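# 3D, please:
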Amino acid sequence: MCVVGEVHITLPLSPGDSRRLRAGDAVRLSGPVYTARDATHERLVAELRRGVSLPFGLSGQVLFYAGPAPAAAGRPVGAVGPTTASRMDAYTPELLAAGVAASIGKGPRSAAVRDACVEHGAVYFIAVGGAAALLATHVTAAETIAYPELGPEALMRLELEGFPAFVGIDVFGSDIHAGIPAAGTKEDD
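Model (predicted):
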């Protein structure tokens, strides 16, 4: 894979922007995202199933699998790094069907998520794990939207500016993790 330049994306993600992205593209994301980890995903999907209005409109929005640390160093959040995306795989197809346009996390996703990305025209972005302090410098604002009792897993709205990521799965189903052997396995010679 050869990356030539970066694609600058203004969020919320439009269908046109989604269609022009390809797995492996380096991107810089600017605009609003909503943090959501395990407990928040469970609540969002339960509310969707009950027909309850969600605390934010889903259409075109991006879910960032992160639990920001409290504000530090004069910034709106402390460290904010991606969590393992596969932990949200059980919930992701339903949220994509409800209008979520993209997610940001780290690591590979399930075939069900890849299929849902194709079906709903969604994208999975990968942020580099272990760079939470650096990634926090790309957050310009933060506000708790719902579930404050969940602490760092509360639903927060972050405003990003030039947040670095890569396209992990595109709307066509291309997946940068496809063909990579699982840890502890060897490819045939």
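
# Could you use CA atoms for every contact and neighbour count after this?
Will do.

# Residue 125 reaches residue 167, doesn't it?
Yes. Contact criterion C-alpha atoms under 8 Å: residue 125 and residue 167 qualify, at 4.6 Å.

# So those two - more neighbours on which side?
Taking other C-alpha atoms under 10 Å, residue 125 and residue 167 do not tie; residue 125 has more neighbours (28 against 21).

# just the strands in this structure please.
7-10, 26-35, 62-64, 102-105, 123-126, 139-146, 155-169 (DSSP state E).

# Would you mind putting those strands into JSON lines with mean pLDDT and distance to residue 72 alongside?
Putting the strands of the chain into JSON lines (pLDDT from 0 to 100; distance: least, C-alpha to C-alpha, whole Å) gives the following:
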{"stretch": "strand 7-10", "mean pLDDT": "95", "distance to residue 72": "26"}
{"stretch": "strand 26-35", "mean pLDDT": "97", "distance to residue 72": "18"}
{"stretch": "strand 62-64", "mean pLDDT": "97", "distance to residue 72": "20"}
{"stretch": "strand 102-105", "mean pLDDT": "98", "distance to residue 72": "22"}
{"stretch": "strand 123-126", "mean pLDDT": "98", "distance to residue 72": "24"}
{"stretch": "strand 139-146", "mean pLDDT": "95", "distance to residue 72": "12"}
{"stretch": "strand 155-169", "mean pLDDT": "97", "distance to residue 72": "15"}
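
# highest average neighbour count across the ones you listed?
Ranked by mean neighbour count, the strands of the chain are led by strand 123-126 with a mean of 28 (mean count of other C-alpha atoms under 10 Å).

# residue contacts, residue 123?
By C-alpha atoms under 8 Å, 6 or more residues apart in numbering, the contact set of residue 123 is 18, 101, 102, 103, 117, 167, 168, 169, 170, 171.

# Tabulate the strands of the chain in TSV, adding columns for distance to residue 95.
Listed next are the strands of the chain as TSV, based on distance: least, C-alpha to C-alpha, whole Å:
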stretch	distance to residue 95
strand 7-10	21
strand 26-35	13
strand 62-64	10
strand 102-105	10
strand 123-126	12
strand 139-146	17
strand 155-169	15
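
# Looking at these, which is nearest to residue 55?
Of all the strands of the chain, strand 139-146 sits nearest to residue 55, with 6.4 Å by C-alpha to C-alpha.

# Mind listing the strands that closest one pairs with, and their directions?
Strand 139-146 sits in its sheet next to strand 155-169 (antiparallel), going by DSSP bridges.

# quick check: angle from the partner strand to strand 26-35?
Using axes from the mean of the first three to the mean of the last three C-alpha atoms, to 10 degrees, the direction of strand 155-169 lies 150 degrees away from that of strand 26-35.
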